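> Quick one, what's the 3D model for this:
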Amino acid sequence: MKILLVEDDMRVSSLIQRGLETEGFVLTLAYDGLSAQKLAQSQEFDLVITDVILPQQDGISLCKALRALFPQLPILMLTALGTTDDKVEGFDAGADDYLVKPFEMRELLARIRVLLKRAGTRPQGSTRLQLADLEMNLDAKSVARGSQPIDLTPKEFKLLAYMLQNAGRVLSRSEIAEKVWDTHFDTGTNFIDVYINYLRKKIDKPFDKKLIHTKAGMGFVLKEEA
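As a prediction, this is how the structure comes out:
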């Protein structure tokens with residue numbers, strides 16, 4: 001598996017490189033965002049790991065550019081910025097996962113394996129999901145309610161897809177964090193609630209019938225109520 005590592009701290013990049021190469025990964029290094037984008041466009045990678053604060057082009061801008069060019073390319077962000085707002089910004093840019101420094105190599109390896117496994121697994125079953133007048137096309141990456149198209153960020157789309165696939169079932173924050181973000185829920189952050197509110201504003205607020213419901217102390221459920 002070929003990994004593009006984008007990290008301007010040479011000490012950190014060297015440590016990560018040694019750790020991943022020991023596990024059999026092939027690493028290509030970039031020390032700024034622009035060089036990383038050029039490498040991604042000239043070579044084929046299975047995964048990109050990028051810091052957020054980078055010279056010339058920051059990690060958020062790089063992530064957006066890569067996501068536009070390669071919609072299925074797994075992207076993992078490494079950063080010392082670990083607030084809820086920082087994570088939301090990263091996910092909105094198209095990152096698949098977000099690991100806060102400092103971290104242990106075994107956790108980085110576990111995250112990488114999950115992302116690579118998911119990227120290599122083709123979705124089974126129907127490519128269309130529907131509840132009431134809410135429709136999602138998994139292939140076209142489109143969402144509409146009635147005749148009104150709804151624009152979602154990649155993480156909002158993934159969250160809504162999981163809720164549609166589990167319509168009528170109460171989903172805890174821990175389950176959502178594990179299944180949608182491939183991470184354990186941190187009770188010190190509220191990013192799950194932030195994204196639920198994002199969805200509510202887009203798929204519920206403009207319409208009379210509400211589909212996203214909160215179960216106090218338990219989680220959230222997507223369902224049509226009489």
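> Quick check: Val26 vs Asp96, distance?
In this view, Val26 and Asp96 are 20 Å apart by CB to CB, to the nearest Å. All C-beta spots, glycine's among them, are computed from the backbone N, C-alpha and C.
> which one of these two has more residues nearby?
Asp96 (25 against 11; other CB atoms under 10 Å).
> Point out where the protein drops to low pLDDT.
Applying pLDDT under 70 to the chain picks out residues 82, 120-126, 183-189, 226.
> mind listing what the most centrally placed residue in the chain touches?
For the chain, Asp96 is the residue whose C-alpha lies nearest the centre (CA atoms, centre = their mean; 2.9 Å). Residues counted as contacts of Asp96 (CB atoms under 8 Å, 6 or more residues apart in numbering) are 74-76, 115, 118, 182.
> residue boundaries of the strands in the chain?
For the chain, applying DSSP state E gives strands covering 2-6, 26-30, 47-51, 75-79, 97-100, 128-131, 134-137, 142-145, 148-150, 212-215, 219-222.
> burial of the spatially closest residue to Glu7 that is not a sequence neighbour, as a residue count?
Of all residues not flanking Glu7 in the chain, Ser13 sits nearest, at 4.0 Å (CB to CB, 6 or more residues apart in numbering). Neighbours of Ser13 under the rule other CB under 10 Å: 19.
> count of neighbours near Ile192?
Neighbour number of Ile192 under other CB under 10 Å is 23.
> Hmm, I typed the wrong one, I wanted Asp208.
Using other CB under 10 Å: Asp208 sits among 5 other residues.
> From Met163, how far out is it?
Asp208 is 20 Å from Met163, by CB to CB.
> Over to Thr79?
28 Å.
> Equivalent analysis for Gln41, please.
Using CB to CB, Gln41 is found at 35 Å from Met163.
> who has more neighbours, those two?
Under the criterion of other CB under 10 Å, the comparison of Gln41 against Met163 puts Met163 first, with 26 against 11.
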